[in-house]
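A.B. asks: Provided below for reference: sequence and predicted model.
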Amino acid sequence: MRAAGLAGWRNVRIDAAFVFGASENELVGSCSDVRAPGGRAAAYDEGCLVLDEIMPAKDSLTGIRDRFAREAERQAQALRGLGIDARVGEVPGEYCPGAFTVNAGGSKKLIGSAQRAVPGGWLLSTVLVIKSAARVRSVLESVYDALELEWDPATVGAVAEEAPGVRVDDVEHALLSAYAQRYRLLPATIPPDALTASLKRVARHHVRE
């Protein structure tokens with residue numbers, strides 16, 4: 001597992017700046033990648049949890065906003081079960097801003113999501129910061145400064161700061177319990193051939209100077 005990671009999207013306007021930002025990111029011991037779902041730069045490490053929901057769909061472009069809203073509310077409910085004042089809505093000045101951020105008390109970002117739709121299906125990827133607020137904040141301060149993007153570092157939050165003692169495993173269990181109310185969840189492993197094919201494609205997502 002990497003010590004830390006930075007993920008973001010590229011566009012023509014900020015591509016050069018993003019590569020420079022990635023260089024800054026390497027200085028703090030992190031790896032920089034372009035993530036498929038999109039969104040501005042976001043950081044995470046072993047104190048975070050990434051939840052990817054991948055579903056088949058004949059018309060994957062229909063209902064994108066509804067998916068964001070539905071899943072954000074489901075995740076907020078899971079955190080409320082852990083004693084957190086979890087709400088859905090953008091926090092002014094947050095990193096990778098979005099209308100469906102899950103926040104604590106309207107002031108600290110805890111969860112951010114992004115989507116990618118392709119013919120035949122969609123991906124909704126969620127990053128939850130559980131106990132890494134200080135490290136995430138430090139990485140993003142360097143990178144957002146390099147990208148010349150305005151934000152408020154004070155908006156970075158963590159689940160364990162809102163509910164002391166909560167572990168990554170506790171949050172994972174709460175989320176799986178919430179999703180089990182909608183889906184039939186079954187343990188599974190990635191087939192070796194699919195895992196091998198995926199690993200061969202990892203390098204194309206890395207950002208180089």
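C.D. replies: Looks like it arrived, so ask away. Numbers count the residues shown, from 1 in each chain.

A.B. asks: Do a quick rundown of the strands in the chain.
C.D. replies: Shown for the chain, the strands assigned by DSSP state E span residues 4-8, 31-34, 42-45, 48-56, 86-88, 102-104, 108-118, 121-129.

A.B. asks: by contact count, what packs against the third one?
C.D. replies: Meaning strand 42-45. Using 3 or more Cβ pairs under 8 Å, 6 or more residues apart in numbering; DSSP states H and E as the contact test, the elements touching strand 42-45 are strand 4-8, strand 121-129, helix 133-147. Glycine gets a C-beta too; all of them are placed from N, C-alpha and C.

A.B. asks: any idea which of those is most buried?
C.D. replies: Of all the helices and strands packed on strand 42-45, strand 4-8 has the most neighbours on average by mean count of other Cβ atoms under 10 Å, namely a mean of 23.

A.B. asks: Now do the end-to-end distance for stretch 82-101.
C.D. replies: 18 Å (Cα to Cα, to the nearest Å).

A.B. asks: Work out the gap between that stretch and the centre of the chain.
C.D. replies: In terms of Cα atoms, centre = their mean, to the nearest Å, the centre of stretch 82-101 is set 12 Å apart from its chain centre.

A.B. asks: buried ones in it?
C.D. replies: For stretch 82-101, a neighbour-count test (16 or more other Cβ atoms under 10 Å) marks 82, 84, 86-88, 90-91, 94-98, 100-101 as buried.

A.B. asks: What of stretch 56-73?
C.D. replies: Going by neighbour count (16+ other Cβ under 10 Å), the buried part of stretch 56-73 is S60, R67, F68, E71, A72, E73.

A.B. asks: From those, pick the one nearest A146.
C.D. replies: Closest approach between these and A146, by Cβ to Cβ: F68, at 28.4 Å.

A.B. asks: Residues in a beta bridge with the spatially most central residue of the chain, which ones?
C.D. replies: Centroid-nearest residue in the chain: V127, 2.5 Å away (criterion: Cα atoms, centre = their mean). Judged by DSSP bridges, the bridge partners of V127 are V50, G112.

A.B. asks: Distance of the closest residue to A42 other than its chain neighbours relative to A188?
C.D. replies: Nearest-residue entry for A42: C96, 4.7 Å, with adjacent residues in sequence omitted and distances by Cβ to Cβ, 6 or more residues apart in numbering. Counting by Cβ to Cβ, to the nearest Å, the separation of C96 from A188 is 29 Å.
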